[in-house]
Structure formats: structure tokens, C-alpha cells
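[1] just need the structure, nothing else, for what follows:
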Amino acid sequence: MMRNPTSKYQAFPPVNLVDRNWPSHTITQAPIWMSTDLRDGNQALFEPMNAEKKMRMFKTLCDIGFKQIEIAFPSASETEFGFVRGLIEGGHIPADVTIEVLTQAREHLIRRTFESLKGAKQAIVHVYNATCKTFRDNVFGMSKAEVVAMAVDAVKLMRQLADEMPETKITLEYSPELFTATELDFAKEVCDAVTAAWGATPERKVILNLPTTVEIATPNIYADQIEWMHKNLARRDSVIISLHPHNDRGTAVAAAELGLMAGADRVEGCLFGNGERTGNVDLVTLALNMYTQGVDPQLDFSDINAVARTFEHCTQLPIHPRHPYVGDLVFTAFSGSHQDAIKKGFSAQKADEQWSVPYLPIDPADVGRSYDSVIRVNSQSGKGGIAYLMETEHGVVMPRRLQVEFSGVVQKHTDEHGGEVTADDIWNIFSSTYLESTAPIHYREHHLFEHGSAQGIRLSIDIDGTPHTLNGEGNGPINAAVNALKCAGINIQVRSYEERSMLPMGEDGNTQACAFMEIAGKNSGEYYGVGVDSNIVTASLKALLSGANRLASGQLRAPLNQAA
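    Below is the predicted model of the structure:
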């Protein structure tokens with residue numbers, strides 16, 4: 001039994017807020033967005049991103065439309081410092097994007113941070129120090145006056161260094177760490193001292209970031225704290241109030257939404273909510289929540305699958321299949337009654353009318369998805385389902401998105417032929433769909449070779465019965481093969497790739513490699529290819545060509561509006 005919580009924990013006291021306004025407000029425009037995927041999100045990973053992954057993530061964030069991106073803690077390590085220098089010296093920062101870097105309020109760290117920014121057109125320098133009573137008393141042993149002095153001294157040094165770099169427009173961001181646990185009057189005192197030390201004006205605004213460093217109360221308490229600061233801060237016209245909600249109580253999205261209603265101007269977070277402990281606020285969910293309420297979030301998630309696959313590749317974190325808007329199963333109904341309602345909703349939906357389809361708060365097409373109706377055969381059908389039978393009877397452990405896609409293929413078969421399907425029937429359908437397709441492309445053989453730091457490939461294939469030998473180079477065999485296919489006018493992208501050993505079946509116990517590849521073509525959807533071979537590279541190339549063949553034949557995952 002858990003102990004009585006009243007002996008150990010206390011409810012957070014309410015805020016003495018007169019004339020509370022935020023409950024009657026709605027969000028009518030997008031905030032200033034700031035992604036901290038490359039900093040807060042990155043430092044929380046089991047294996048932090050290397051330079052290649054950080055660059056890929058940075059470019060993805062720019063493509064989505066983020067204009068402010070926190071890229072590093074440059075004083076923390078040479079790796080972080082070097083990444084900042086690489087972005088600046090390599091000319092990778094778009095003219096309308098402002099990079100942000102983080103530093104503690106310590107002189108040598110601040111100086112090192114400013115060194116990293118030399119040559120940048122514009123940058124936000126984010127400085128913080130702890131202000132709450134627990135840290136003042138138990139961690140640092142500092143008085144309130146000493147805490148204020150620490151913040152002010154740091155900001156004065158930053159202003160001096162900024163004046164010495166006239167070629168770079170420096171914006172100050174300040175965070176009172178553990179704002180939500182800091183006495184409001186003291187949080188205001190520190191923040192007012194900081195804006196005064198910087199000389200904040202409407203033309204030279206200071207970003208005051210008020211984080212739920214640890215989420216310790218319900219979202220309405222956070223909204224009250226933000227509204228109190230919004231009403232009481234000095235130089236409010238010279239301040240941008242920013243939110244940085246963490247998710248310790250699982251309510252970061254709600255805290256951000258209520259904080260915006262309470263007067264905040266800006267939100268910091270990570271694409272899919274990763275970050276220290278339980279993570280930062282989930283910016284994809286937050287932005288698409290606005291979208292479903294008729295507010296343009298000013299971020300482009302029209303190809304959410306590409307964003308999700310980039311995130312998973314760079315962070316090595318899976319996106320939960322029930323993640324709002326993005327999970328592999330959020331547009332999949334297993335319930336027959338749900339399927340029927342969705343089908344009828346699609347039939348009644350008019351293109352020029354307000355969206356109103358049961359169980360779907362957003363049109364899947366708006367985020368580049370389709371409604372994947374998995375009918376009749378699922379994990380609750382006859383002790384298994386397709387994935388269960390494929391694994392237990394044939395040793396193939398399919399990725400989740402392939403399970404969804406292949407379920408649609410099996411459903412089409414049962415609709416056309418009637419009756420139930422056996423495990424052998426399912427294997428035959430799988431084999432004919434993914435493994436036996438040789439048109440228009442048929443694999444013959446390949447040879448790999450090294451070309452400097454690149455991987456080269458000589459790929460022999462038939463295209464519509466005509467032999468071709470194609471050469472390509474890339475950062476690995478798959479990338480080289482994709483480039484080789486371009487020589488024949490076959491332009492495809494690999495969205496995701498997985499390789500697994502087929503579980504041994506039968507007495508011989510032989511194991512083969514099974515490769516799964518999600519292939520996309522320009523404006524032509526996404527298709528899975530599968531390859532099986534004793535050699536993993538050969539299996540991967542077969543999967544690539546399998547996907548290309550399905551792309552050419554237009555075998556979509558599952559028909560739109562399909563239902564029981």
C-alpha cells in the first residue's frame with residue numbers, strides 16, 4: 001500500500017489573482033514558436049545526436065517553419081561549440097531564422113557562449129539561474145539579494161559583449177529557473193531587474209521565459225501565474241513572455257494552451273515532447289490543436305510522416321502508435337461501429353464544408369495521411385490477427401505501419417473472395433504482394449565497392465525486361481542504390497528502414513534476413529517493400545526494388561473510406 005499522501009505532499013496554493021481573465025479567452029493566433037529539439041530534447045537522449053543527425057534535424061525544423069531554434073549549450077562541450085560554429089561558418093542558417101544558445105549565469109560560460117556566435121547575423125542568448133526557495137536555501141545557499149545580483153551581473157556582462165559584436169543582433173532571453181515554485185513577487189523582482197539591466201525597450205525587447213521547470217500544479221495554476229506576471233511586470237511593452245512547459249504531471253499541452261490564454265507570446269518545446277524527465281511540451285500536438293480550431297499555426301505539418309520518420313531517425317525514440325495526430329494507429333479504427341460511422345461521415349462530408357467526420361478531429365489528408373481502416377482481422381480476431389499469424393506461423397515480425405498496410409491488402413482479398421483466411425493464405429498474399437513482384441523492375445545481382453569515403457554500387461536489374469547496369473554512390477549501400485536508380489529515371493525516397501532476422505521455422509533452423517523499407521515518390525504516396533535473403537544487403541536491395549515496383553503499380557496502403 002502507498003503511504004497516506006497527506007503526510008508527505010501538499011496541494012500547491014492558489015494564486016491571489018484579482019479579476020482573472022484567461023478563462024474567458026481563446027487562442028486566436030499562433031505564438032512565436034521556439035524549438036529546443038537540438039538542446040533540451042537532445043540532452044535527454046540515451047545517445048545524443050551526432051553532427052549529421054543534428055544537421056538533418058535543424059534543416060527539418062527550418063522546413064517546418066520554425067523561425068527560432070535553440071541549437072546548443074556551446075559552453076558545455078567542444079561538440080556543442082563546434083556545431084554552432086559549423087552552422088554559422090557553413091552558411092546553413094536561413095536569413096529569417098534566429099539561432100538560440102543557452103548558458104548559465106557564470107562569467108566564463110557566458111564569454112565562451114558569445115565566442116561561439118561570432119559571425120552570426122542574429123542570435124538569442126538564453127541565460128538562467130535558479131530563483132526558487134528550495135534552490136536558494138538547499139542547493140546554493142544564496143539570499144534573494146544574491147540571486148538578483150547574480151542575474152543582473154550576468155546580464156550586464158552580456159550587454160557589454162553584445163555591444164562588442166555590432167555585426168550580430170543579440171536578443172536576451174532570461175529564465176528564472178523553477179519559476180512555478182518561485183514566489184511571484186520575487187520572480188517579478190528578478191525579471192524587472194534583468195530588463196532594467198539590459199535596457200529593454202519596445203524596439204529591443206527581452207524574452208522572459210517563465211518555465212514549468214518541474215510541473216508541480218494543475219495547468220490553471222500556471223495560467224494564473226502567467227496572467228499575474230503579464231499584469232504586473234515592469235516594461236511589459238518591452239517584454240516577450242515565453243512559456244517552457246515540462247510534462248511531469250502529463251499536462252504540458254494544457255499548461256501551454258492556458259498560458260497563451262493568460263497573456264504569453266511565445267512557446268518553447270520539442271516536436272514530439274521529448275526532453276528531461278517526462279519531456280517538454282509537444283509542439284506538434286499544440287500546433288495541430290490550434291489547427292483544428294481554425295487557427296493557422298504557421299508551421300507546416302502537411303507531410304507529418306516525413307517529420308515523424310526524421311524525428312525517429314535522429315533521436316532513436318519511437319513515436320507512440322496512439323500519439324495524437326501522428327501515431328501509426330490514430331487514423332485506424334478496429335471497432336466495427338467506429339468504422340461504419342467514419343465511412344458514413346466520409347460519404348456525407350462535402351469538400352467546401354466544415355470538417356465533421358465522426359471520431360476524426362482532423363482530416364487525415366491535411367497532415368498527409370489517409371484513413372486506414374483495419375477491418376475484421378486484428379489482435380482481437382480469433383486469437384490473433386494478421387501480424388500474430390505472420391510472426392507465429394512464418395517468422396516475420398512486421399513493423400507497425402506495414403501491419404496497417406498489409407491488413408488493407410488482406411481485407412481487399414477477403415472482400416473479393418469471401419470467407420476467412422488461413423495462415424497459409426495470408427503468407428501467399430504477403431509473398432505475391434511484396435516478394436514476388438518483378439515488374440517493372442527485376443533484381444539480378446549487385447557488386448559493392450569503396451570510392452574514397454563513399455560507398456559505391458554496381459546494380460544489375462531488368463527494367464520492363466531490358467537489362468540495365470546502374471552505378472551509384474552514397475553514404476551506404478541503400479543510399480548508393482537509390483542514387484543508381486536515378487540514372488534510370490527512377491526517383492524514390494526511403495522514408496524508413498528496418499531489418500530483422502526471420503524467426504527460424506522448421507527443423508533446419510536456418511535464419512534469413514528480412515528487410516522492410518517504406519518508399520515514397522513525388523506526389524505518389526508511400527509504399528512498403530520487403531526483401532528476404534540470407535545476405536542482409538541483398539535483402540535490403542530487394543526491399544528497395546519491391547517498394548519501387550509497388551510505387552509504379554500504385555498499390556496504396558489501404559483504400560480511403562474502406563469499412564466493414
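[2] what sits against residue 94?
    residue 62 (C-beta atoms under 8 Å, 6 or more residues apart in numbering). To be clear about C-beta, it is placed using only N, CA and C from the backbone, and glycine gets the same treatment.
[3] quick one: classify it as helix, strand or coil.
    coil (DSSP: H, G, I helix; E, B strand; the rest coil).
[4] the residue lying closest to residue 285 once chain neighbours are set aside in helix, strand or coil?
    Spatially, and ignoring its direct neighbours in sequence, residue 285 is nearest to residue 324 (4.9 Å; C-beta to C-beta, 6 or more residues apart in numbering). Recorded secondary structure, residue 324: coil (three-state DSSP).
[5] what's the answer for residue 125, then?
    Per three-state DSSP, residue 125 ends up strand.
[6] mind listing the helices for the stretch 351-500 of the chain?
    Per DSSP state H, counting those that start in this stretch, the stretch 351-500 of the chain carries helices over the ranges 386-394, 400-417, 423-430, 477-486.
[7] for the second one, packing partners?
    The one in question is helix 400-417. Helices and strands touching helix 400-417, by 3 or more C-beta pairs under 8 Å, 6 or more residues apart in numbering; DSSP states H and E, are helix 386-394, helix 423-430, strand 513-520, strand 526-533.
[8] in TSV, list the ones you listed along with mean neighbour count and distance to residue 52.
    Listed next are those as TSV, based on neighbours: other C-beta atoms under 10 Å; distance: least, C-beta to C-beta, whole Å:
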stretch	mean neighbour count	distance to residue 52
helix 386-394	19	33
helix 423-430	17	34
strand 513-520	24	20
strand 526-533	24	24
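[9] right, and these - which one's nearest residue 204?
    strand 513-520 (45.1 Å; C-beta to C-beta).
[10] and the closest one, which strands flank it?
    strand 493-501 (antiparallel), strand 526-533 (antiparallel) (DSSP bridges).
[11] show me which residues of the first one are buried.
    To tie it back to what came earlier, the one meant is strand 493-501. For strand 493-501, a neighbour-count test (16 or more other C-beta atoms under 10 Å) marks 494-497, 500 as buried.
[12] and which of those residues is nearest residue 2?
    residue 500 (40.5 Å).
[13] what residues are bridge-paired with the closest one?
    Residues in beta-bridge contact with residue 500 (DSSP bridges): residue 514.
[14] what pLDDT does it get?
    pLDDT, residue 500: 91.
[15] distance check, it against residue 516.
    8 Å (C-beta to C-beta, to the nearest Å).
[16] pLDDT weak spots in the stretch 251-400 of the chain?
    336, 372-385 (pLDDT under 70).
[17] and what of the stretch 401-550 of the chain?
    Using pLDDT under 70, the flagged stretches of the stretch 401-550 of the chain are 503-509, 523-524.
[18] hmm, back to that, neighbours of the residue nearest to residue 285, how many?
    Burial of residue 324 is recorded as 16 neighbouring residues (other C-beta atoms under 10 Å).
[19] tell me how far it lies from residue 273.
    10 Å.
[20] likewise residue 431?
    39 Å.
[21] do the same with residue 482
    31 Å.
[22] neighbour count: the two, which is higher?
    A direct count of neighbours by other C-beta under 10 Å for residue 482 and residue 273 places residue 273 higher, at 25 against 21.
[23] how about whichever helix or strand residue 230 is part of as CSV, C-alpha atoms only?
    Element membership of residue 230, judged by DSSP states H and E, is helix 219-232. C-alpha atoms of helix 219-232 as CSV (Å, rounded to 0.1, in the frame of the first residue of the first chain):
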residue,chain,number,x,y,z
PRO,A,219,-2.5,24.0,-15.5
ASN,A,220,-4.9,26.6,-14.2
ILE,A,221,-2.4,27.5,-11.5
TYR,A,222,0.3,28.0,-14.2
ALA,A,223,-2.2,30.2,-16.2
ASP,A,224,-2.8,32.3,-13.0
GLN,A,225,0.9,32.7,-12.5
ILE,A,226,1.4,33.8,-16.1
GLU,A,227,-1.5,36.2,-16.0
TRP,A,228,-0.2,37.7,-12.8
MET,A,229,3.2,38.3,-14.4
HIS,A,230,1.6,39.6,-17.5
LYS,A,231,-0.3,42.2,-15.5
ASN,A,232,2.4,43.2,-13.1
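[24] and for the longest helix seen in the chain, what are the contacting residues?
    In the chain, assigned by DSSP state H, the helix with the most residues is helix 144-163. For helix 144-163, the surrounding residues in contact (C-beta under 8 Å, 6+ apart) are 105-107, 110-111, 114, 125, 127, 129-131, 136, 142, 168, 170, 172, 174, 176, 186, 189-190, 193-194, 197-199.
[25] now the residues you listed: which count as buried?
    105-106, 110, 114, 125, 127, 129-131, 136, 142, 168, 170, 172, 174, 176, 186, 189-190, 193-194, 197-198.
[26] list the contacts of the closest residue to residue 93 other than its chain neighbours.
    Leaving aside its sequence neighbours, residue 93 sits nearest to residue 87 (C-beta to C-beta, 6+ apart; 5.6 Å). By C-beta under 8 Å, 6+ apart, residue 87 lies in contact with 55, 58, 71, 93, 99.
[27] cool, and residue 25?
    Here residue 25 is in contact with 261-262 (C-beta under 8 Å, 6+ apart).
[28] again with the one 4 residues further on
    Applying C-beta under 8 Å, 6+ apart, we find residue 29 in contact with 295-296.
[29] is it true that it lies in a helix?
    No: applying three-state DSSP, one finds residue 29 to be coil, outside a helix.
[30] what about it, distance to residue 295?
    7 Å.
[31] one more: residue 405?
    Distance from residue 405 to residue 295, by C-beta to C-beta: 33 Å.
[32] between these two, which one's more packed in?
    residue 405 (24 against 15).
[33] pretty sure that one sits against residue 528.
    Yes: using C-beta atoms under 8 Å, residue 405 makes contact with residue 528 at a distance of 5.4 Å.
[34] in the helix or strand that contains residue 340, what counts as buried?
    Assigned by DSSP H and E, residue 340 belongs to helix 336-348. By 16+ other C-beta under 10 Å, the buried positions in helix 336-348 come out as 338-339, 341-343, 345-346.
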